[in-house]
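*Asks:* Pasting a predicted model and its sequence here:
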There are 2 protein chains.
Amino acid sequence: MTHSQQDQELHAVTLEQPTLAAACDAIADGIDREALVTVFGRCTVEYDGRASSTLDAGDRHVMLKPDGAALVHTDEGQQPVNWQPPGCDHEVFCERRDADADRSDAAETAGGTATETETETETETTETLTLESVRSTPGERLLVRFRNVLQVSAFSGTDETELALSGTEEDLRQRLLDEPDLLEPGFTPLATERDTAAGAIDIYGEDDAGRTVVVELKRRRVGPDAVSQLRRYVDALGRDLHADATVRGILVAPSVTDRAKRLLTEHGLEFISLEPTAA
Amino acid sequence: MTHSQQDQELHAVTLEQPTLAAACDAIADGIDREALVTVFGRCTVEYDGRASSTLDAGDRHVMLKPDGAALVHTDEGQQPVNWQPPGCDHEVFCERRDADADRSDAAETAGGTATETETETETETTETLTLESVRSTPGERLLVRFRNVLQVSAFSGTDETELALSGTEEDLRQRLLDEPDLLEPGFTPLATERDTAAGAIDIYGEDDAGRTVVVELKRRRVGPDAVSQLRRYVDALGRDLHADATVRGILVAPSVTDRAKRLLTEHGLEFISLEPTAA
DNA sequence: GGATTAATTTCGCCG
DNA sequence: CGGCGAAGTTAATCC
């Protein structure tokens, strides 16, 4: 438990307004030490892998995690504008680079007089700091190129705790298994995750008349997709069992949309309103 | 265009090892100035809203965005361990708080001698820095309580750019519309997003024999859910049109899983392999 | 590693 | 604001 405790000791190293070379060293050191590294500054971003994307120059916050994840955040949105999943190798390097290569904010100079001769034809070279995160299976690559870095930080710490979450579909399942009458009086659960040719049924059981019941659980209000899912299981189970067997399909969720309600009716399926947690 | 340019000028303010009071002031100031604020330190996290969760003390990186988003990141994973969507109000305050309230790392003291009398019964009060992000519709609240703050930063900048992304389902749709023969010779697209009682069809058209065709597009390998979706649209369209109309359903994707293939066959649906981008 | 499905999914579009 | 479906979804679980 105490091995490499020094590496995980809580501390943070920060550089403000560093030169690109100094930023590069600090980032490389942070990656080596398996710290959580953040970089803030003006950058462009390129991604290529499952899809492809480019992002022109803007001010963004980049986070490199020791597990290989990379996150590029703008000042808006919960989701990063670009990212890389855990399992990547992070690299950082400085290079002299032709400034014309990413002239992303040069377009704003429109409307000038025709006599303007300020078209910059000389090849300005600028130093650039590049972050590269690569993984395979599937092969994908993220490139973040900074021309200005305002801050670099490397954070170390420990987090051995696990999130305790309630209100999930699993909670709803337990609630129904603990009190099957919540579905309807006489319902008897026989199996969970029962496999069919179309996938696994959440709860498989029978009603008080001995009819087979397929229960599909959703932790929140459901739409047409959940109805299709239930229908798929009912169909498959009907095929798996004797052809003449009656199979009831019951969707359990807090509520359904109108369209879902209609689809349920069309296919002879039922709905029971129930939430993951009581009260 | 130049209004409040000073507010958006690129800069970063950082405090290292601040007192909780100083951290509180800096965070409050950053929120006021609509900066992107980050806090690193040891904290506990509570969430209550669409679900509920608690997280014991650990070292984490918290980001507060000016649009109201909040992100709590550990050193692992692409996803934040806790978060709040855009649209929240961020608040920060310091308070003296009973240390027993969250004694989350006191459990590690096991294995001591039986004569230990160090059980801290005196009520230690500790100053605590609390971040609170709240929104309504749906009502949900995130609480992050720090007992130590190692760093606070406030970042300002501009990002007017938009991500240019390719390899999406929209690309696949355009590819098929530009060259309908990629589906099959003689296919004629008639509409996109054609509405049915079960939802909108990606591409609606007819084959060279005049039969109605429903095309469902997926940018990547598909499983049973996509087959269900296609089936839903074919069923609905069959109901919408004359009862005797023949409706073909074609799934277009790079590939399908075995189970999906089986479901397609069972329901008389077809599959064409095609990727979002050529080559 | 692939398949399947949940998720505090998030996000965008549209009525 | 709610409904609906895509997403470079991510993440967990099972095989």
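*Replies:* Good, I have the coordinates.

*Asks:* C-alpha only now, for contacts and for neighbours.
*Replies:* Noted.

*Asks:* What segments of the stretch 51-200 of chain A are strands?
*Replies:* Counting by DSSP state E, counting those that start in this stretch, the stretch 51-200 of chain A has strands at residues A:52-64, A:70-73, A:82-84, A:89-98, A:125-135, A:140-156, A:164-166, A:188-196, A:199-206.

*Asks:* Okay, now the sheet partners of the first one, with direction.
*Replies:* Right, the one you point to is strand A:52-64. Strand A:52-64 pairs in its sheet with strand A:36-48 (antiparallel), strand A:70-73 (antiparallel), strand B:164-166 (antiparallel), by DSSP bridges.

*Asks:* cool, the last one as well?
*Replies:* Strand A:199-206 has the following strand partners under DSSP bridges: strand A:188-196 (antiparallel), strand A:212-217 (antiparallel).

*Asks:* Check what contacts that strand and list those residues.
*Replies:* Residues from elsewhere that reach strand A:199-206 (CA atoms under 8 Å, 6 or more residues apart in numbering or on different chains): A:173, A:187-195, A:212-217, A:233.

*Asks:* again with the first one
*Replies:* With contacts defined as CA under 8 Å, 6+ apart, strand A:52-64 is touched by A:31, A:36-47, A:70-75, A:90, A:102, A:104-105, B:10, B:157-167.

*Asks:* interface residues of chain A facing DNA strand C?
*Replies:* Within chain A, the residues that sit near DNA strand C (CA under 7 Å from any atom of the strand) are A:77-79, A:137, A:165, A:167-170, A:198-200, A:216-220, A:229.

*Asks:* make it 6 Å
*Replies:* Residues of chain A lying close to DNA strand C (CA under 6 Å from any atom of the strand) are A:77, A:78, A:79, A:137, A:168, A:169, A:170, A:199, A:200, A:218, A:219.

*Asks:* mind listing what the third one touches?
*Replies:* When contacts are counted by CA under 8 Å, 6+ apart, residue A:79 is found next to residue A:73.

*Asks:* Let's see the pLDDT reported for it.
*Replies:* On pLDDT, residue A:79 comes in at 98.

*Asks:* which parts of the stretch 101-250 of chain A sit against chain B?
*Replies:* A:150-151, A:155, A:157-168, A:197-198, A:224-225, A:228-229, A:232 (CA under 8 Å from any CA of the partner chain).

*Asks:* Just to be sure, which of the residues you listed are found in helices?
*Replies:* Among these, the members falling in helices (DSSP state H) are A:224, A:225, A:228, A:229, A:232.

*Asks:* what about the nearest residue to the second one once chain neighbours are set aside, distance to residue A:216?
*Replies:* Right, residue A:225. Distances taken as CA to CA, 6 or more residues apart in numbering or on different chains place residue B:229 nearest to residue A:225, at 7.2 Å, with adjacent residues excluded. Shown here: residue B:229 relative to residue A:216, a distance of 17 Å by CA to CA, to the nearest Å.

*Asks:* same question, residue A:260
*Replies:* 14 Å.

*Asks:* Residue A:88 now?
*Replies:* Distance of residue A:88 to residue A:216, given as CA to CA: 37 Å.

*Asks:* Next, count neighbours for the residue in the stretch 51-200 of chain A that DNA strand D sits nearest to.
*Replies:* Closest residue of the stretch 51-200 of chain A to DNA strand D, CA to the nearest atom of the strand: residue A:82 (3.3 Å). Counted by other CA atoms under 10 Å in any protein chain shown, the residues lying close to residue A:82 total 21.

*Asks:* So, low pLDDT: which residues of chain A?
*Replies:* Applying pLDDT under 70 to chain A flags residues A:1-8, A:98-125.

*Asks:* Please verify my assumption that residue A:134 contacts residue A:86.
*Replies:* No: at 10.1 Å, residue A:134 does not count as touching residue A:86 under the criterion of CA atoms under 8 Å.

*Asks:* ok, back up a step: which of the contacts of strand A:199-206 count as buried?
*Replies:* A:173, A:187, A:188, A:189, A:212, A:213, A:214, A:215, A:216, A:217, A:233 (16 or more other CA atoms under 10 Å in any protein chain shown).

*Asks:* hang on, the earlier thing: relative to residue A:251, which of the strands of the stretch 51-200 of chain A is closest?
*Replies:* strand A:199-206 (10.3 Å; CA to CA).

*Asks:* Only the buried residues of the closest one, if you could.
*Replies:* For strand A:199-206, the neighbour count (16+ other CA under 10 Å) marks A:199, A:201, A:202, A:203, A:204, A:205, A:206 as buried.

*Asks:* for stretch A:129-139, same thing?
*Replies:* Using 16+ other CA under 10 Å as the test for burial, stretch A:129-139 gives A:129, A:130, A:131, A:132, A:133, A:134, A:135.

*Asks:* Extract the CA atoms of that stretch and return them as CSV.
*Replies:* The C-alpha coordinates for stretch A:129-139 follow below in CSV (Å, rounded to 0.1, in the frame of the first residue of the first chain):
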residue,chain,number,x,y,z
LEU,A,129,4.2,23.1,-28.9
THR,A,130,2.5,19.9,-30.0
LEU,A,131,0.6,17.3,-27.9
GLU,A,132,0.0,14.0,-29.5
SER,A,133,-2.1,11.2,-28.1
VAL,A,134,-2.2,8.0,-30.0
ARG,A,135,-3.8,4.6,-29.6
SER,A,136,-4.5,1.5,-31.6
THR,A,137,-7.5,-0.8,-31.9
PRO,A,138,-9.0,1.3,-33.2
GLY,A,139,-6.1,3.4,-34.5
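
*Asks:* List the contacts of it.
*Replies:* A:20-21, A:24, A:49-50, A:68, A:70, A:84, A:87-95, A:140-147.

*Asks:* try stretch A:190-197
*Replies:* With CA under 8 Å, 6+ apart as the test, stretch A:190-197 has contacts from A:200, A:201, A:202, A:203, A:204, A:205, A:206, A:233, A:236, A:237, A:240, B:259.

*Asks:* And the closest residue to residue A:20 other than its chain neighbours, how close does it get to residue B:196?
*Replies:* Among residues not flanking residue A:20 along the chain, residue A:129 sits closest, at 6.0 Å (CA to CA, 6+ apart). Per CA to CA, residue A:129 is found 52 Å from residue B:196.

*Asks:* For the most centrally placed residue in chain A, what are phi and psi?
*Replies:* Nearest residue to the geometric centre of chain A (CA atoms, centre = their mean): residue A:79, 8.0 Å. Phi and psi for residue A:79, reported as degrees, to the nearest 10, are phi -90, psi 140.
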